[in-house]
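Only the shape, not the letters, is given here:
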């Protein structure tokens, strides 16, 4: 029995780590701005004492305790935009997520995908890809156990591109 469990874990390990490594290739590219926040940082931020009278900071600290990983990559490089799109397409084939929202306007395409949690508004993973056309392209991946409504608050609070689109998607998901 022990051999079966060890074999099972070894077979699944590449699958478990593949999702994390697909977007990591964008970290060290010169023409890509990267923001990466891991579980440990969220835990440390969650331990900060906040003013109990400040509801927005309290909401922020309550949310980050439930987050595992945040990755945001932005670029204006045509080469990297194409590579990001290709990587997102590959990721979605390997790890199917539910398309939550799609917007096409002014040469920009914005797509938001989620992996649902226990309830209809609970999310385990959120993936947003904003193909900026001639403007900036943004790829955002967020994992944890959170409510979709809270993410627009997080993107506003941390000034992450695409926050307005996530607000629209969260109102659509909660209906």
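Done, it's in. Note that the coordinates shown come from a computational prediction; the quantities given were computed from them, not determined experimentally. Numbering: from 1, shown residues only.

Test my guess that residue 138 contacts residue 129.
Yes: between residue 138 and residue 129 there is a contact under CB atoms under 8 Å: 7.4 Å. (Each C-beta comes from the backbone N, C-alpha and C, glycine too.)

Could you count how many residues lie near residue 116?
16 (other CB atoms under 10 Å).

what sits against it?
Residues in contact with residue 116 (CB atoms under 8 Å, 6 or more residues apart in numbering) are 98, 122-124.

cool, residue 84 as well?
Counting by CB under 8 Å, 6+ apart, residue 84 makes contact with 26, 73, 75, 129, 137, 139.

so which helix or strand takes in it?
helix 78-94 (DSSP states H and E).

With residue 102 instead?
Counting by DSSP H and E, residue 102 is part of strand 98-105.

Spatially nearest residue to residue 109, not counting backbone neighbours?
residue 131 (4.3 Å; CB to CB, 6 or more residues apart in numbering).

Where do the helices of this protein begin and end?
Ranges of helices in the chain, per DSSP state H, are 2-24, 39-46, 55-64, 78-94, 148-157, 163-173.

can you pull the buried residues of the second one?
Put plainly, it is helix 39-46. Within helix 39-46, the residues that count as buried by 16 or more other CB atoms under 10 Å are 42, 46.

Having no further points to raise, I will conclude here.
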